[in-house]
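Engineer: with the input below, show me the fold.
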Amino acid sequence: METASDLRNDPRWDVYMRDCPCREVLDLVASKWSALVLGALAGRAYRFGELRRRVDGISQKVLTQTLRQLERDGLVTRTVYPTTPPSVEYALAELGRDVTQHLIAISEWSKRNYDRIVDARQSYDARTAERAPV
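Structural biologist: Okay, here's the model as predicted:
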């Protein structure tokens, strides 16, 4: 079996190559909804309705799909409690806790740099407006 260091040197595992299997993982964790759900779960476990309220703007359908995918990929656990009606709780799995620390860092970076990005956009828009044909 190949080790992680073997894989880093294998051209099949170059995320910049079209056929790299890691692109599936990158697609999942780079998704806005996955990142927000994982970030919310970093604080504590949530029931479905609570999580939907916490991740403002997500539809029930998209939250269901996102949670299923995150559970399938081992990032989230789903626990069903034998109550009437049954209560379901979602929490980060170990793998989810590992990736979430990076997503939280990106979230913090986004907050720190938001004003700079807005300034860059405005500058770009002003420059391109000057060049636009009349």
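
Engineer: so what's the gap between the helix or strand where residue 100 lies and the chain middle?
Structural biologist: Per DSSP states H and E: residue 100 is located in helix 94-131. Relative to its chain's centre, helix 94-131 lies at 15 Å (C-alpha atoms, centre = their mean, to the nearest Å).

Engineer: give me the neighbour count for residue 83.
Structural biologist: Neighbours of residue 83 under the rule other C-beta atoms under 10 Å: 8. Quick note: C-beta positions are derived from backbone N, CA and C, even for glycine.

Engineer: show the model's pLDDT score for the most centrally placed residue in the chain.
Structural biologist: By C-alpha atoms, centre = their mean, the mean C-alpha position of the chain lies nearest to residue 35, the distance being 2.1 Å. Reported pLDDT at residue 35 in the predicted model: 96.

Engineer: helix or strand for it, which one?
Structural biologist: helix 32-41.
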